[in-house]
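Chemist: Return a 3D structure for these sequence lines:
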Amino acid sequence: MLKLTLPLCFAGLAGSLAVVAFAASPGDDPEPIGDKPGQSVAAEQASESKSVRLQLSPEALERAQSRDLLPAGVKSLLRVPRSLKHGEYVWNDDGIPEGEMNIHVDLRRQMISIFRDGHEIGTAVIVYGGDGYESPTGTFPIRSKHRDYHSRSYDAPMPYSMFITTDGVALHGSPMSEFRATHGCIGLPLEFARRIFDAMEKGDTVRIVRSTN
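Modeler: Numbering: from 1, shown residues only. Below you'll find the model as predicted:
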């Protein structure tokens, strides 16, 4: 859906929510590489002992799920080196087995995470519905996929669209800015949208929540 230009409040544009709330000490985080908007922010291992993944304790996982910060069944999270900016994303599926795919979108934190077999393989900052055009919350199946969709209602491109409602709400590639909003869709960095589009299938689950502090 067409993007609106208006300011949005956003909460500390973080990467993996584990880094926000449950990570080890800051000194354990690797340094970022690839620092240009629209590119992947890769986690470079500073030493052989450093991992690009975080394991949560059962207690931390329970707390996160009680606040809608995480979906059920999470096994590991990406270690994100720093807070992400609009247009940046992290993607790393190295060594992750095939398995169930699902997406978790947090409107309060303006973040999306994609999971495979319970392991987070990608995360990015999103844009979402502005006042009067709020993005829906709930659990939705991907109803259809359209690689080169163009909105007839708004005469606007919506590349890599994955529709989740019957009234036109989709996840899709979008211009990214802290001052942009949508008419209810979840807007993603273009390359991240392509990766999700290629990874997800019709019927896979998208959960959209507004987490609590």
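
Chemist: Compute the number of surrounding residues for residue 129.
Modeler: 21 (other C-beta atoms under 10 Å). The way it works is simple: take the backbone N, C-alpha and C, and place the C-beta from them, glycine included.

Chemist: Tell me if residue 61 really is in a helix.
Modeler: Yes. Assessed with DSSP: H, G, I helix; E, B strand; the rest coil, residue 61 lies in a helix.

Chemist: how deep is the residue nearest to it when sequence neighbours are not counted tucked in, by neighbour count?
Modeler: Nearest in space to residue 61, with sequence neighbours left out and distances taken as C-beta to C-beta, 6 or more residues apart in numbering, is residue 74 at 6.2 Å. Residue 74 sits with 21 neighbouring residues when counted by other C-beta under 10 Å.

Chemist: Equivalent analysis for residue 123, please.
Modeler: 28.

Chemist: What is the burial count for the spatially closest residue to it that is not a sequence neighbour?
Modeler: In space, and not counting its chain neighbours, residue 123 is closest to residue 113: 4.7 Å by C-beta to C-beta, 6+ apart. If you count neighbours by other C-beta under 10 Å, residue 113 ends up with 25.

Chemist: For residue 89, see how far away residue 113 is.
Modeler: 11 Å (C-beta to C-beta, to the nearest Å).

Chemist: any residues in contact with both of these two?
Modeler: 122, 123 (C-beta atoms under 8 Å, 6 or more residues apart in numbering).

Chemist: Low-confidence stretches in this protein?
Modeler: Low-confidence segments of the chain (pLDDT under 70): 1-50, 155.

Chemist: same thing but at 80, please
Modeler: Across the chain, the ranges flagged by pLDDT under 80 are 1-51, 151-156, 177, 179-181.

Chemist: Show me the residue sitting in the middle of it in space.
Modeler: Most central in the chain under C-alpha atoms, centre = their mean is residue 112, positioned 1.6 Å from the mean C-alpha point.

Chemist: is it true that that residue touches residue 187?
Modeler: No. Taking contacts as C-beta atoms under 8 Å, residue 112 lies outside contact range of residue 187: 9.9 Å.

Chemist: between the two, what contacts are shared?
Modeler: residue 126.

Chemist: Dihedrals phi and psi, the residue nearest to residue 123?
Modeler: Per-residue torsions, residue 113: phi -130, psi 140 (degrees, to the nearest 10).

Chemist: Specify the beta-bridge partners of it.
Modeler: residue 104, residue 123 (DSSP bridges).

Chemist: got a list of what the residue nearest to the centre of the chain touches?
Modeler: With the criterion set at C-beta under 8 Å, 6+ apart, residue 112 makes contact with 103, 104, 105, 106, 123, 124, 125, 126, 171, 186, 188.
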